[in-house]
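Enquirer: just coords:
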DNA sequence: TTACTTTTGTTAACAGTGTTATTAATTTTA
DNA sequence: TAAAATTAATAACACTGTTAACAAAAGTAA
């Protein structure tokens, strides 16, 4: 009775062929351009067959998101295993994280819901410069009063801004609704760490 | 010849009525749900009139993005002005930034292209836990060897993760394409600051 | 006021999107 | 071979952004 097995195998092959066609499209034109019709076209089947293998489009994207997290986790573990000192591990993992994000941009954007729309938008915005200027000037003033007078203020601004945005967006992804007061501890922790390293111990 | 002025004024009013209807929709169901047709419906005009005032949908969203950055910049400036010490200013601005993000969630998501899709997705992903675990365990090991043995490892993990994600996503927003090696300095800077504060000076 | 021009608004359509009910073809089972 | 079950395709629904073609209103000049 190998028939049942063959059927399961064929079904599995069909499934992966859908995913392959979808991923090719994502790599080619970004995940915003993915459509059921394009997948159907690529695999040379009609549209509804795709719904026999995936509940909806979201389910297909979910598959890639899972893949992405799996790959990232593997990478981090692998990098970690190359060192013994925890502090060194954390540093190496940070670099690996960075590399993963830009080596697998599509995965990363999918994993964290980064829409490209803002990319085109943000660059046209002079108003953003106002915010940037407020931050930079304060950083500069802080550096003037510190022991690190020759530190790169632009770099420090980027760090400051990134920490803030990272905290906020991770929080927004993890939980909908306003975070409790205890979540501000994370902010307090990160910022005090930054300021300490900015001013000089 | 007040006619020309009245016309300009009417045009301006029309424009703001479009923006008001659009923003109401954004506040009600999120900016993903905004559509030209819904705006047209709300202002009780036909669809193409909207294109007399805005080149396309993106232009409307761009307007809100600008508004958001303006509001944020104003808030930060205002908070900064309440203090004199730069270090204190930076801390206060950080809290203000956080509050702005969650008080004006729709603005923030628009400003930084945060798509909600991932929110629903990420929570269904066990694979993410794998990554989380790698990070957390390393943080724990680092803390064990440090002077801060009683530090909150979960908080520290969040900080670590947020810094990484913040750096990456800011970089992705600002520039498309792979960042140069010099950008890794920001990463190096932020992470070394974190590790220092983690291990204990 | 009348004739002409310009502006403004509407209808209807195009080209897409995700999703699904219905129907036809195929394949497996009895 | 006939009935049952699976599998695929057609066609449609309800949306989306955008625009060409046309009608109505408003402003201008004689």
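Expert: Here it is on my side, so go on. Given the structure is predicted, the values throughout are model-derived calculations rather than measurements.
Enquirer: Quick check: which element contains the residue lying closest to residue A:47 once chain neighbours are set aside?
Expert: Spatial nearest neighbour of residue A:47, chain neighbours left out: residue A:40 (4.6 Å); criterion: CB to CB, 6 or more residues apart in numbering or on different chains. Glycine gets a C-beta too; all of them are placed from N, C-alpha and C. For residue A:40, the host element (DSSP states H and E) is helix A:36-43.
Enquirer: In chain A, which residue sits closest to chain B?
Expert: In chain A, the residue that lies nearest chain B is residue A:166 (2.1 Å; CB to the nearest CB).
Enquirer: can you pull out the strands in chain A?
Expert: Under the criterion DSSP state E, chain A carries no strands.
Enquirer: low-scoring pLDDT stretches of it, where are they?
Expert: Chain A contains residues with pLDDT under 70 at A:1-4, A:116-119, A:201.
Enquirer: how about a cut-off of 90?
Expert: A:1-11, A:115-125, A:147-148, A:173-184, A:200-201 (pLDDT under 90).
Enquirer: in the longest helix anywhere in it, what counts as buried?
Expert: Ranked by residue count and defined by DSSP state H, the top helix of chain A is helix A:2-29. Using 16 or more other CB atoms under 10 Å in any protein chain shown as the test for burial, helix A:2-29 gives A:14, A:17, A:18, A:19, A:21, A:22, A:23, A:25, A:26.
Enquirer: Give the full set of residues in contact with the fourth one.
Expert: To tie it back to what came earlier, the one meant is residue A:19. A:60, A:63, A:64 (CB atoms under 8 Å, 6 or more residues apart in numbering or on different chains).
Enquirer: Might one say that the last one is in contact with residue A:110?
Expert: In other words, residue A:64. Yes - counting by CB atoms under 8 Å, residue A:110 is a contact partner of residue A:64 at 5.4 Å.
Enquirer: Compare those two and say which is more crowded by neighbours.
Expert: residue A:110 (27 against 20; other CB atoms under 10 Å in any protein chain shown).
Enquirer: Next, work out how far apart that one and residue A:97 are.
Expert: Going from residue A:110 to residue A:97 by CB to CB, to the nearest Å gives 16 Å.
Enquirer: cool, and residue A:146?
Expert: Counting by CB to CB, the gap from residue A:146 to residue A:97 is 29 Å.
Enquirer: got it, and residue A:139?
Expert: 25 Å.
Enquirer: residues from chain A in reach of DNA strand D?
Expert: When proximity is defined by CB under 7 Å from any atom of the strand, chain A lies next to DNA strand D at A:7, A:11, A:14, A:45, A:46, A:47, A:48, A:49, A:52.
Enquirer: show me the contacts for the second one.
Expert: Neighbouring residues of residue A:11 by CB under 8 Å, 6+ apart: residue A:53.
Enquirer: For the residue in chain A that DNA strand D sits nearest to, grab the count of nearby residues.
Expert: Closest contact between chain A and DNA strand D, by CB to the nearest atom of the strand, is at residue A:46 (3.3 Å). Residue A:46 is flanked by 9 other residues according to other CB under 10 Å.
Enquirer: Around residue A:178, count how many other residues there are.
Expert: 12.
Enquirer: what sits against it?
Expert: With CB under 8 Å, 6+ apart, residue A:178 has these contacts: residue B:102.
Enquirer: What values do phi and psi take at it?
Expert: Backbone geometry at residue A:178, expressed as degrees, to the nearest 10, gives phi -70, psi 130.
Enquirer: State the distance from the closest residue to residue A:144 other than its chain neighbours to DNA strand C.
Expert: The spatial neighbour of residue A:144 that comes closest, neighbours along the chain excluded (CB to CB, 6+ apart), is residue B:86 at 7.8 Å. Shown here: residue B:86 relative to DNA strand C, a distance of 50 Å by CB to the nearest atom of the strand, to the nearest Å.
Enquirer: Tell me the span between the first and last residue of stretch A:166-185.
Expert: The straight-line separation of the ends of stretch A:166-185 (CA to CA, to the nearest Å) is 14 Å.
Enquirer: Enumerate the positions of that stretch that are buried.
Expert: A:166, A:167, A:168, A:169, A:170, A:171, A:172, A:173, A:179, A:183.
Enquirer: ok, how many other residues are close to residue A:197?
Expert: If we define neighbours as other CB under 10 Å, then residue A:197 has 22 of them.
Enquirer: Could you report the distance from it to residue B:134?
Expert: 25 Å.
Enquirer: ditto for residue A:40
Expert: 38 Å.
Enquirer: Neighbour count for those two, which is higher?
Expert: Using other CB under 10 Å, the more surrounded residue of residue A:40 and residue B:134 is residue B:134, with 21 against 17.
Enquirer: give me every residue that touches residue A:145.
Expert: A:199, B:86, B:87.
Enquirer: ranges for the helices of chain A?
Expert: Counting by DSSP H, the helices of chain A are A:2-29, A:36-43, A:57-81, A:86-103, A:105-111, A:117-122, A:127-144, A:153-174, A:184-199.
Enquirer: re earlier: what touches both of residue A:64 and residue A:110?
Expert: With CB under 8 Å, 6+ apart as the test, residue A:64 and residue A:110 both reach A:26, A:31.
Enquirer: before we move on, back to that, which one's more surrounded, residue A:146 and residue A:97?
Expert: Neighbours per residue (other CB under 10 Å) separate residue A:146 from residue A:97, with residue A:97 holding more: 25 against 15.
Enquirer: Identify the residue spatially nearest to the more buried one, adjacent ones excluded.
Expert: residue B:164 (4.9 Å).
Enquirer: Cool, thanks, signing off.
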